[in-house]
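A.B. asks: Build me a structure from this.
(chains A and B)
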Amino acid sequence: EPEVTQTPSHQVTQMGQEVILRCVPISNHLYFYWYRQILGQKVEFLVSFYNNEISEKSEIFDDQFSVERPDGSNFTLKIRSTKLEDSAMYFCASSRAPTSGINNEQFFGPGTRLTVL
Amino acid sequence: AQTVTQSQPEMSVQEAETVTLSCTYDTSESDYYLFWYKQPPSRQMILVIRQEAYKQQNATENRFSVNFQKAAKSFSLKISDSQLGDAAMYFCALSQGGSEKLVFGKGTKLTVNP
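C.D. replies: Numbering: from 1, shown residues only, chains lettered A, B, ... in the order given. Next up is the predicted model:
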């Protein structure tokens, strides 16, 4: 069964550095998402992406974040200048249809644990 | 604003018994969906069951069923004949019509005792 994959599984970086988290969504999916979960807190929505543009973003998704689908298979989240509070598990998800429609199941990847020192 | 609350951080159940996980939510929309996701240790979240708000009938998927009380904004998950493989974090989530995001609860860690 197709799965969403994410690399790396764990990323350690210094504060102020740029990181790129990578995701390969399920191949026939059209909607892509990033979520994060700070340790001990809820899973929080960051951004959704459809038709090569951001369709929705949260207040968390500020100018230090960006997303890209560079080659038709990968979906990346870039954090430009990491802060200590960016340490979290980052989950990528994809779906065939919009969340508000039928067949709206979001399929999640296993996550990337980002540690900012 | 939408919120999802799971008031049970941890639950345990004996194998073959039944357990109910609680979830309450708040939304001002009439068009929304509710979900239960399961996350086994070191594995990705997978969808267990989904409920459309406009449907009165409670969703069922094999041993998993929900008790959807729309007026009370309650969406509990019942697991019957619990199995060791049911041990996981369970997340309740909400999506509103017109929005792409899922809003999650904090999760309930379910332990299944042999």
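
A.B. asks: What score does B:Gln56 have for pLDDT?
C.D. replies: Note on B:Gln56: pLDDT of 87.

A.B. asks: What of the one 4 residues further on?
C.D. replies: In the predicted model, B:Thr60 carries a pLDDT score of 93.

A.B. asks: can you check the one 10 residues further on too?
C.D. replies: According to the predicted model, the pLDDT of B:Lys70 comes to 95.

A.B. asks: Secondary structure class of A:Pro110, three-state.
C.D. replies: Three-state call for A:Pro110 (DSSP: H, G, I helix; E, B strand; the rest coil): coil.

A.B. asks: So what's the residue count around it?
C.D. replies: 19 (other Cβ atoms under 10 Å in any protein chain shown). Where you see a C-beta, it was placed from the backbone N, CA and C, and this is true even at glycine.

A.B. asks: Can you name the residues of chain A sitting close to chain B?
C.D. replies: A:3-4, A:31, A:33, A:35, A:41-45, A:48, A:50, A:55-56, A:58, A:91, A:98-100, A:104-111 (Cβ under 8 Å from any Cβ of the partner chain).

A.B. asks: Quick check on those residues: which are buried?
C.D. replies: Taking 16 or more other Cβ atoms under 10 Å in any protein chain shown as the criterion, what is buried in the residues of chain A next to chain B is A:4, A:31, A:33, A:35, A:42-45, A:48, A:50, A:55-56, A:58, A:91, A:98-100, A:104-111.
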